[in-house]
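# below is the structure, and that's it, no one-letter string:
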């Protein structure tokens, strides 16, 4: 089964905590603090692997975690950094936030490697907090917390031209005729269940990349059949070649076929519906007309050429008209902007997590002059800090300022002299 979409959970590593210790050696009775710093947590990194063309590796393995940094040690020993987790994906993979669909990373073009979640910073050991007046600090800095996100990976193939149309209209046959690709070909619906890429070589190093997009059906834009899975691959194409069965070998009206597929494109994406198209009227070798009957190719031209859509009569089976079609495709591509379609980053984990995932809560207490601060990070900091000393209390105040706690207190309307409670700690607030 072709896999071009996966939902996974990614987690960066937590920073290691700073260490509290004091140098204790023979003949060195007052050695001072020597607690080392914690190690950095591992990053979550996405990297393009040109040997991959599906997201099958993410179908059964859904959680990926970098390792945490180690705690600092005695004798100023730095904790070991956590190991990064590198997720290798095919070119064209778009990473989006599962909750909102916002783009986090587009692994295409020049973007071959991107850090999506940075590991937590390691905390400082108590050796950093010794001063002339505080020579034995009994607190150290906790490591920065890990970050976690649920993301969706979608593979959106990168090609200049996308072949679209109903099933069994000859897209795979055309691709095999004009490129070095070898798609499966048979006379039944949905022979192609995976997009195929091929390179059209027009000589003198001139050519373009073309993708055979599996046949669309009515309701594809709503997910019918494999609609969504296939439509996303057309989004990066600069030009669409719309194949239609001009001979009506399956009893369908070719004009209605074109209108129906274009309706599905519009329902999926207005931008996609505006993408330039060239209409290839295929299977002209199988056209049977009774005397006086209208030529189906001319009927297609009369209906769609006034809308700016070139119509070319071809037979993918015999090769008739293929050179004229490819020349027209190349001319059209040369007239279109050459910039590759790349999705801009919309969601920046570092910014959002700093603002929205603060590991504490600030609320009003039993009356309007009392405020409560709670949360695991605050509780942990209390355990590391000697609040009985002036230096320790100042350190804790800086912690509350750096983490936005004071700003939240001010937003709630705290005034000088109001009471702040943090678990079993209570003090008066003065700005």
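Here it is on my side, so go on. As the structure is a computational prediction, the values presented were derived from the model and not from experiment. Numbers count the residues shown, from 1 in each chain.

# pLDDT weak spots in the stretch 251-400 of the chain?
291-292, 352-359, 376, 380, 383-386, 388-391 (pLDDT under 70).

# who touches residue 141 in this structure?
By CB atoms under 8 Å, 6 or more residues apart in numbering, the contact set of residue 141 is 17, 18, 38, 123, 124, 125, 128, 384. Quick note: C-beta positions are derived from backbone N, CA and C, even for glycine.

# ok, residue 239 to residue 51 distance?
For residue 239, the distance to residue 51 (CB to CB, to the nearest Å) stands at 28 Å.

# and those two? Which one has more around it.
Between residue 239 and residue 51, counting by other CB atoms under 10 Å, residue 239 is the more crowded of the two (20 against 6).

# what pairs with the more buried one across the strands?
In this structure, residue 239 bridges to residue 161 when assessed by DSSP bridges.

# and for the one 5 residues further on?
Going by DSSP bridges, residue 244 is paired in beta bridges with residue 281.

# the closest residue in space to residue 350 that isn't next to it in sequence: neighbour count?
Leaving out its chain neighbours, the residue that sits closest to residue 350 by CB to CB, 6 or more residues apart in numbering is residue 118, at 6.5 Å. Neighbour count of residue 118, defined by other CB under 10 Å: 21.

# show me how this protein divides into domains.
1-156+342-348, 161-335, 358-428 (automatic domain parsing).

# now the closest residue to residue 62 other than its chain neighbours. Its backbone dihedrals?
Spatial nearest neighbour of residue 62, chain neighbours left out: residue 8 (5.0 Å); criterion: CB to CB, 6+ apart. The phi/psi pair for residue 8 (degrees, to the nearest 10) reads phi -140, psi 160.

# tell me, how many residues neighbour residue 8?
Neighbour tally, residue 8, other CB under 10 Å: 19.

# how far is stretch 81-98 from where the chain is centred?
Its chain's C-alpha centre and that of stretch 81-98 lie 8 Å apart, by CA atoms, centre = their mean, to the nearest Å.

# quick one: buried residues of that stretch?
Within stretch 81-98, the residues scored as buried using 16 or more other CB atoms under 10 Å are 81-82, 84-85, 87, 89-97.

# all strands of the stretch 151-300 of the chain, in order?
161-164, 196-201, 207-212, 239-245, 277-282 (DSSP state E, counting those that start in this stretch).

# helices and strands around the second one, which ones?
With contacts defined as 3 or more CB pairs under 8 Å, 6 or more residues apart in numbering; DSSP states H and E, the secondary structure elements packing on strand 196-201 are helix 171-178, strand 207-212.

# relative to strand 207-212, how tilted is that strand?
Strand 196-201 runs at 150 degrees relative to strand 207-212, counting by axes from the mean of the first three to the mean of the last three CA atoms, to 10 degrees.

# what sits up against strand 196-201?
Counting by CB under 8 Å, 6+ apart, 157, 159, 161, 172, 175, 178-181, 183, 207-212, 326, 329 sit against strand 196-201.

# with the third one instead?
Residues outside strand 207-212 that contact it (CB under 8 Å, 6+ apart) are 157-163, 171-172, 174-175, 178-179, 181, 183, 192, 195-201, 233-234, 237, 241, 329-330, 333.

# and if you look at the shortest one?
For strand 161-164, the external contacting residues (CB under 8 Å, 6+ apart) are 171, 174-175, 200, 208-213, 216, 233-234, 237-243, 261, 265, 329, 333.

# stretch 249-263 now?
The contact list for stretch 249-263 (CB under 8 Å, 6+ apart) reads 164-166, 168-169, 216, 218, 242, 244-246, 248, 273, 277, 279, 281, 283, 286, 296, 299-300, 303-304.
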